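Undergrad: Give me coordinates for this.
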Amino acid sequence: MSRFTDSFRNIFKIEELRQRIIYTIGLLVVVRLGSYITLPGVDVGHLSAHAGNTNSNTLFGLYDTFVGGAFKNAAIFGLGIMPYISASIIIQLMGAVVPYFQKLQKEGEEGRKRITQLTRLGTVIVAALQAWGISEYLIKQGDVASGVGTVLFVISTVICLTAGTMFMMWLGEQITERGIGNGISLIIFINIIARFPNAIVGEITNMHNPIIELALFAFFVAIVAFVVLMTQGIRKIPVQYAKRVIGRKVYGGVTQHIPMRVNTAGVMPIIFAQSILFVPGTLVTFLPDNDFAKAVQSFFDYRSVSYSLVFGIMIIFFTYFYTAIAFNPRDVADTMKKQGGFIPGVRPGKNTSDYIDNILTHITLPGAIFLAIIAVLPAFVSYLGVTSAFALFFGGTSLLIMVGVALDTLQQVESHLVMRNYEGLMKTGRMKGRALGGY
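TA: Prediction:
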């Protein structure tokens with residue numbers, strides 16, 4: 001404990017690191033403040049009357065989780081950074097099937113700049129469309145103040161929400177450049193974690209049996225530790241580089257490794273599966289109260305066994321699907337061949353590609369099962385009497401994003417400490433190697 005305390009004090013001894021952390025915290029405060037500034041023309045009194053009714057088992061509830069409650073507050077940051085994430089995913093998927101985007105990915109710095117420009121343009125389009133949808137939703141709910149014209153309200157809402165998203169995207173870029181950690185990820189992180197204190201208070205308030213509650217909190221800590229273990233888990237493939245003599249210098253002759261993550265896809269399979277399964281449950285809320293709507297809503301209730309089974313199967317499918325997009329064994333094999341690298345006992349070229357693909361397929365299975373288990377845990381713990389607000393933190397996207405972003409930020413802090421000969425926050429040499437770019 002004393003070692004950790006000393007390492008924590010060292011953070012504030014480094015002027016650059018201290019300034020980066022303060023700068024990051026300041027911009028994240030701005031993000032949270034924007035989540036409470038209501039859009040112009042909204043009837044705050046009427047909005048407050050039904051703001052707490054946003055069901056977490058709908059697309060609106062899922063969206064509100066990522067934007068830290070800004071959606072139900074009808075705030076200027078109501079869209080959050082999600083349009084940027086959506087545009088980035090679309091561009092990434094197109095890079096796997098559209099030759100033009102594949103060409104841009106191989107053009108180095110110029111290609112990355114062009115992809116960034118297209119992503120920003122896509123963000124504006126996605127944000128404007130979603131902002132228009134939100135304006136129509138607010139009008140239907142009767143949240144528009146009397147005397148405000150419908151057309152004027154739609155135009156102002158689209159402008160404010162789109163501008164809010166672009167401003168948050170700019171804040172994320174500033175955090176990445178001048179702060180500490182990945183700015184976009186930290187914005188999502190702070191929006192999710194903002195609900196955690198209220199969830200804890202709500203769970204304690206509704207506490208029935210102290211022993212059971214302590215057991216649940218211990219179970220929560222164990223789940224977090226398990227998620228950290230799986231998030232950090234990698235399979236190392238050794239790579240040998242042949243010696244090359246260029247002029248008077250000798251290059252190569254070293255052994256490195258390719259890190260194959262157990263959870264290469266990250267949180268994306270859960271987001272894809274959740275987004276699809278929440279659509280039917282969201283649509284039936286707009287239909288008249290009839291038997292068919294009730295049957296559909298019952299089937300797609302996140303606490304039902306049928307939902308959990310379909311959800312788990314879809315997560316496993318999307319894990320393999322997204323892993324195939326995010327990691328291309330053929331590109332890795334071609335790069336190794338050009339640099340004179342080879343895997344001991346495996347021929348360069350197609351054999352190397354097949355070897356890497358075979359390993360990736362095998363280690364993806366436990367990663368997919370892990371994601372499926374984590375995704376259905378909130379439904380499981382809700383049966384044990386955990387409040388719905390706290391149950392969301394037992395798994396799913398919330399827990400994975402929090403753990404992933406926290407680890408990434410800690411590793412960046414670690415690199416600053418180690419570069420200046422301070423003992424880092426993380427004790428194991430493996431984590432230190434990662435913080436220094438070991439993989």
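
Undergrad: So which residues make contact with stretch 24-31?
TA: Residues from elsewhere that reach stretch 24-31, judged by Cβ atoms under 8 Å, 6 or more residues apart in numbering: 68, 77, 168, 171, 174-175, 179-181, 183, 186-187, 190-191. For every residue, glycine as well, the C-beta is placed using N, CA and C.

Undergrad: Could I get the average pLDDT for that stretch?
TA: Here stretch 24-31 scores 92 as its mean pLDDT.

Undergrad: And stretch 181-200, by the same measure?
TA: What stretch 181-200 shows for mean pLDDT is 86.

Undergrad: swap in stretch 404-416?
TA: pLDDT averaged over stretch 404-416 gives 84.

Undergrad: CA atoms of that stretch as CSV?
TA: Included here for stretch 404-416 are C-alpha records, laid out as CSV according to Å, rounded to 0.1, in the frame of the first residue of the first chain:
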residue,chain,number,x,y,z
GLY,A,404,-10.8,-1.0,-20.5
VAL,A,405,-10.5,2.8,-20.3
ALA,A,406,-9.2,2.7,-16.7
LEU,A,407,-6.4,0.2,-17.7
ASP,A,408,-5.5,2.2,-20.8
THR,A,409,-5.3,5.5,-18.8
LEU,A,410,-3.3,3.9,-16.0
GLN,A,411,-0.8,2.5,-18.5
GLN,A,412,-0.3,5.9,-20.0
VAL,A,413,0.3,7.3,-16.5
GLU,A,414,2.7,4.4,-15.9
SER,A,415,4.7,5.3,-19.0
HIS,A,416,5.2,8.9,-17.9
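
Undergrad: where's it relative to the chain centroid, distance-wise?
TA: From the chain centre to the centre of stretch 404-416 is a distance of 15 Å (Cα atoms, centre = their mean, to the nearest Å).

Undergrad: Output the below-cut-off pLDDT ranges for the stretch 151-300 of the chain.
TA: Where the stretch 151-300 of the chain drops to pLDDT under 70, the residues are 243-254, 279, 281-290, 293-294, 297.

Undergrad: And the chain, split by domain according to the record?
TA: 1-194, 203-394 (automatic domain parsing).

Undergrad: Give me the buried entries from the contacts of stretch 24-31.
TA: 68, 77, 168, 171, 175, 179-181, 183, 186-187, 190-191 (16 or more other Cβ atoms under 10 Å).

Undergrad: which residues touch stretch 308-320?
TA: With contacts defined as Cβ under 8 Å, 6+ apart, stretch 308-320 is touched by 265, 268-270, 272-274, 276-277, 302, 361, 364, 367-369, 371-373, 375-376, 379.

Undergrad: So how do I select the buried members of these in PyMOL?
TA: Selection command for PyMOL covering only the buried members of the contacts of stretch 308-320, criterion 16+ other Cβ under 10 Å:
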select buried, resi 265+268+269+270+272+273+274+277+302+364+367+368+371+372+373+375+376+379
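
Undergrad: Sort out for me which of the contacts of stretch 308-320 are in helices.
TA: Among those, the members falling in helices are 268-270, 272-274, 276-277, 361, 364, 367-369, 371-373, 375-376, 379 (criterion: DSSP state H).

Undergrad: rewinding a little: what's the farthest-apart pair in the buried ones among the contacts of stretch 24-31?
TA: Phe77 and Ile180 (21.7 Å; Cβ to Cβ).

Undergrad: how about the helices of the stretch 1-150 of the chain, start to end?
TA: Using DSSP state H, counting those that start in this stretch, the helices of the stretch 1-150 of the chain run over residues 2-11, 15-34, 44-50, 59-66, 82-97, 99-105, 108-141, 150-178.

Undergrad: thinking again about what came up before, biggest separation within the contacts of stretch 24-31, which pair?
TA: Farthest apart among those by Cβ to Cβ are Phe77 and Ile180. That separation is 21.7 Å.

Undergrad: Distance check, Glu107 against Phe380.
TA: As for Glu107, its distance to Phe380 is 47 Å (criterion: Cβ to Cβ, to the nearest Å).

Undergrad: ok, the two, which is more surrounded?
TA: The residue with more neighbours, out of Glu107 and Phe380, is Phe380; 15 against 12, by other Cβ atoms under 10 Å.

Undergrad: which residues does the more buried one contact?
TA: Neighbouring residues of Phe380 by Cβ under 8 Å, 6+ apart: Phe394.

Undergrad: Make a markdown table out of the contacts of stretch 24-31 and add distance to Leu33.
TA: Formatted as a markdown table, the contacts of stretch 24-31 follow (distance: Cβ to Cβ, whole Å):
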| residue | distance to Leu33 |
| --- | --- |
| Gly68 | 11 |
| Phe77 | 9 |
| Met168 | 12 |
| Leu171 | 12 |
| Gln174 | 16 |
| Ile175 | 15 |
| Gly179 | 17 |
| Ile180 | 20 |
| Gly181 | 20 |
| Gly183 | 17 |
| Leu186 | 16 |
| Ile187 | 13 |
| Ile190 | 12 |
| Asn191 | 12 |
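
Undergrad: which of the helices of the stretch 1-150 of the chain is buried the deepest?
TA: Among the helices of the stretch 1-150 of the chain, the stretch with the highest mean neighbour count (mean count of other Cβ atoms under 10 Å) is helix 59-66, at a mean of 20.

Undergrad: got a pLDDT number for the closest residue to Arg303 other than its chain neighbours?
TA: Spatially, and ignoring its direct neighbours in sequence, Arg303 is nearest to Ala379 (4.7 Å; Cβ to Cβ, 6 or more residues apart in numbering). Note on Ala379: pLDDT of 80.

Undergrad: tell me which of the buried ones among the contacts of stretch 24-31 is nearest to Pro348?
TA: Gly181 (37.7 Å).

Undergrad: picking up where we left off before, okay if I get the helices of the stretch 1-150 of the chain as a markdown table plus distance to Val239?
TA: Formatted as a markdown table, those follow (distance: least, Cβ to Cβ, whole Å):
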| stretch | distance to Val239 |
| --- | --- |
| helix 2-11 | 33 |
| helix 15-34 | 33 |
| helix 44-50 | 58 |
| helix 59-66 | 38 |
| helix 82-97 | 25 |
| helix 99-105 | 22 |
| helix 108-141 | 22 |
| helix 150-178 | 30 |
